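>>> Quick one: sequence and predicted model below, then my questions.
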Amino acid sequence: MNPKMLPRFELESAPGPTASVIMLHGLGATGHDFAGLVPELDLRGCRAIRFVFPHAPSIPVTVNAGYVMPAWYDIRGTNLAVQQDADGIQASALAITALVENEIKRGIAAENIVLAGFSQGAAMALHTGLRLPYGLAGVIALSGYLPLTERFAAERSEANAHTPIFIAHGMQDDVVIPQRGEATRDTLQALGYPVFWHSYDTEHNVTQEEVNDIAEFLQGVLPEIR
């Protein structure tokens with residue numbers, strides 16, 4: 001993958017958006033999978049938001065017997081903490097950074113951009129967002145984890161050292177086990193990040209309670225202009 005613009009589609013919460021939320025889907029999905037989230041969010045008190053839903057390229061995924069599917073990077077085994085696809089993660093980070101910079105070119109200030117994701121998309125939101133050289137409004141990681149943890153302390157950007165981070169995880173998740181989310185929370189908190197941790201009695205999905213909590217987070221980091 002090169003850092004050219006990823007295919008994507010967009011939805012606006014209101015005309016004339018002054019904020020953006022870039023939502024990264026999970027393994028085997030597409031940007032369309034989370035389009036239904038937007039009308040479920042209570043965005044009263046938020047500024048007008050452009051939601052951007054990019055599509056990951058289709059690549060062979062080792063853990064799925066090499067089957068070609070949309071993926072931000074290869075998954076080589078069931079233990080997500082070992083044999084990580086560092087090259088694939090970095091390539092996707094460049095492509096996602098290009099999306100963020102495109103929103104800035106369109107007139108959205110970096111401090112009004114939220115980078116969000118589910119599962120593998122959450123991993124990319126954390127990996128990319130916390131390395132950017134300009135501060136974001138927030139990062140949302142749903143049912144995901146921080147990849148390449150051993151590199152993070154050295155590679156993270158001071159620009160996002162105080163960026164609010166919403167982390168949510170289902171305690172019955174058997175795809176990305178809860179311990180991955182908890183370890184991510186603990187790592188980020190130990191480095192001083194303001195982490196908003198939420199756990200739910202659910203599996204690898206998003207609940208209505210979680211949708212409500214996401215909306216509350218967005219109300220806090222993207223407040224309406226008065």
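Thanks, I have it.
>>> pLDDT weak spots in this protein?
The chain contains residues with pLDDT under 70 at 1-4, 226.
>>> Try it again at 90.
Along the chain, the model assigns pLDDT under 90 to residues 1-5, 77-83, 225-226.
>>> got the contact list for L80?
L80 is in contact with 145, 147, 176, 180, counting by C-beta atoms under 8 Å, 6 or more residues apart in numbering. Just so you know, the C-beta spots here come from the backbone N, C-alpha and C atoms, and that holds for glycine as well.
>>> ok so the last one is a helix residue?
Yes. Checked against DSSP: H, G, I helix; E, B strand; the rest coil, R180 lies within a helix.
>>> right, and it touches S143 too?
No. Applying C-beta atoms under 8 Å as the test, R180 and S143 come out as separate, 9.2 Å apart.
>>> More neighbours: which of those two?
Ranked by neighbour count (other C-beta atoms under 10 Å), R180 and S143 place S143 first, with 29 against 21.
>>> mind checking the backbone torsions on the more buried one?
For S143, the backbone dihedrals (degrees, to the nearest 10) come out as phi 60, psi 40.
>>> what about the residue lying closest to it once chain neighbours are set aside, how many neighbours?
Distances taken as C-beta to C-beta, 6 or more residues apart in numbering place S119 nearest to S143, at 5.1 Å, with adjacent residues excluded. Neighbour count for S119, taken as other C-beta under 10 Å: 24.
>>> ok now do S119, which residues does it touch?
With contact set as C-beta under 8 Å, 6+ apart, S119 has these partners: 26-27, 142-144, 175-176, 204.
>>> correct me, but I89 touches R151?
No. Checked against C-beta under 8 Å, the pair I89 and R151 is beyond contact range at 9.9 Å.
>>> more neighbours, these two?
Ranked by neighbour count (other C-beta under 10 Å), I89 and R151 place I89 first, with 20 against 14.
>>> can you give me the helices for the protein?
Here the chain has its helices, by DSSP state H, at 86-105, 120-129, 149-155, 178-190, 208-221.
>>> Please name the nearest non-neighbouring residue to V100.
I113 (6.1 Å).
>>> That neighbour touches E101, doesn't it?
No. Taking contacts as C-beta under 8 Å, I113 lies outside contact range of E101: 9.9 Å.
>>> Compare these two (neighbour count), which wins?
For I113 versus E101, neighbours defined as other C-beta under 10 Å are more numerous around I113 (28 against 16).
>>> mind listing what V61 touches?
Neighbouring residues of V61 by C-beta under 8 Å, 6+ apart: 27-28, 67-69, 71, 74-75.
>>> if you set the cut-off to 7 Å instead, what comes out?
Applying C-beta atoms under 7 Å, 6 or more residues apart in numbering, we find V61 in contact with 27, 67, 69, 71, 74-75.
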